[in-house]
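Asks: Fold the following, please.
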Amino acid sequence: MLVAAVSLSAATRYPVTGIILNVDRPHRTFDASCAAIPGYMEAMAMSYSVLDNRELADLKPGAYVDFTLVVEKNRSYAERIRIHRYESTEREPMLARRLQLLEAPRATVKPGDSVPDFTLTDQTGRRVALSQWAGKVVAMTFIYTSCPLPDYCFRLSTNFSQLNQRFATRMGRDLVLLSVTIDPAHDQPQVLAKYAATWKADPESWHFLTGPPEEVKAVSRRFGVNFWPDEGYFTHSLHTLVIDREGRLAADFAGNQFTGRQLGDYVEVLISGARN
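Replies: From the prediction side, this is the model:
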């Protein structure tokens, strides 16, 4: 809700950050889940208009953006929309750049593409396939259980935990979560089962997946996920993927700057049947 009055005499400008949920170019609007604007607006998902359609040219669902919200007496609109190009790594930038030079995968599946089927092993030891969740929204991310940094794998799992709570009555029926380990040598089913228990994950709706290294690598590379062992840990890129009910990659949330609430707002759009 609005918590402050808008000046009627002149335009007021507010800096805004958020995640794009939907883009409607014909009507020059976009929906975004935005952080709170101190003194003006609580964190919420809402629609914004633009005066110049060129502002929407590169916007895609899942993009992390900042922009200026202009509020006038009889209208409001967004301008100066800027997309953050995130380089997500756990180690120092020099190592990250070296990693990219050594082995920089190019995603073969991009937003809008159908996601090819794959099969991995979950925390119960079952072999499960992506295709068995056809007709459901699937959120997918890449983690490893021994990650020591709270703002990387732990944050991605926290985001999924928030989805698990927010959509508790729809888990398994409308939404399935997949957490794929990038350390399959260590993260065997029994290790993943213990890790899953800390998140109160139901193995019927939140699957922690592992498999032979070549299988895990093949799935990861398909989405441009890069990882590399380094002194007992992993340098890796951060991607949270959302697949729609038709089996298409709907969005790729790169990095860790978005919140679980923002991810949930986007999942809500897909579950509700809205189209981008």
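Asks: what does the average pLDDT come to for stretch 32-52?
Replies: Average pLDDT, stretch 32-52: 91.
Asks: cool, stretch 63-73 as well?
Replies: Stretch 63-73 comes out at a mean pLDDT of 92.
Asks: In that stretch, which residues are buried?
Replies: If you call a residue buried by 16 or more other CB atoms under 10 Å, then stretch 63-73 has these buried ones: 63-65, 67, 69-71. Glycine gets a C-beta too; all of them are placed from N, C-alpha and C.
Asks: Check stretch 187-198 too.
Replies: 187, 189, 191-193, 195-196.
Asks: Off-centre distance for that stretch?
Replies: In terms of CA atoms, centre = their mean, to the nearest Å, the gap separating the centre of stretch 187-198 from the centre of its chain is 22 Å.
Asks: and the buried residues of stretch 187-198 as TSV, adding secondary structure?
Replies: Listed next are the buried residues of stretch 187-198 as TSV, based on DSSP: H, G, I helix; E, B strand; the rest coil:
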residue	secondary structure
D187	coil
P189	helix
V191	helix
L192	helix
A193	helix
Y195	helix
A196	helix
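Asks: Return the member of these nearest to T210.
Replies: D187 (5.2 Å; CB to CB).
Asks: That closest one and K194, how far apart?
Replies: Computed as CB to CB, to the nearest Å, the D187 to K194 distance reads 10 Å.
Asks: Could you do G264 as well?
Replies: 26 Å.
Asks: same check, this time on L249
Replies: 30 Å.
Asks: cool, T141 as well?
Replies: Distance, T141 to K194, using CB to CB: 19 Å.
Asks: Over to K110?
Replies: Using CB to CB, we find K110 at a distance of 35 Å from K194.
Asks: How about I182?
Replies: Distance of I182 to K194, computed by CB to CB: 18 Å.
Asks: same question, P203
Replies: For P203, the distance to K194 equals 12 Å [CB to CB].
Asks: Wait, a strand at L59?
Replies: No: under three-state DSSP, L59 falls outside any strand and is assigned coil.
Asks: wait, doesn't it sit right on F67?
Replies: No: counting by CB atoms under 8 Å, L59 does not reach F67; the two are 10.1 Å apart.
Asks: list residues touching both of those two?
Replies: Overlap of the contact sets of L59 and F67 (by CB atoms under 8 Å, 6 or more residues apart in numbering) consists of I81.
Asks: Low-confidence ranges, the stretch 1-150 of the chain, go.
Replies: 1-9, 86-106 (pLDDT under 70).
Asks: in it, which spans are strands?
Replies: For the stretch 1-150 of the chain, the strands defined by DSSP state E, counting those that start in this stretch cover 12-24, 29-34, 44-49, 64-71, 76-83, 119-121, 127-129, 137-143.
Asks: Select, out of those strands, the one closest to F167.
Replies: Evaluated with CB to CB, these place strand 137-143 nearest to F167, the distance being 9.2 Å.
Asks: any idea of the angle the helix or strand just after the closest one forms with strand 137-143?
Replies: Counting by DSSP states H and E, the next helix or strand C-terminal to strand 137-143 is helix 153-166. Helix 153-166 runs at 160 degrees relative to strand 137-143, counting by axes from the mean of the first three to the mean of the last three CA atoms, to 10 degrees.
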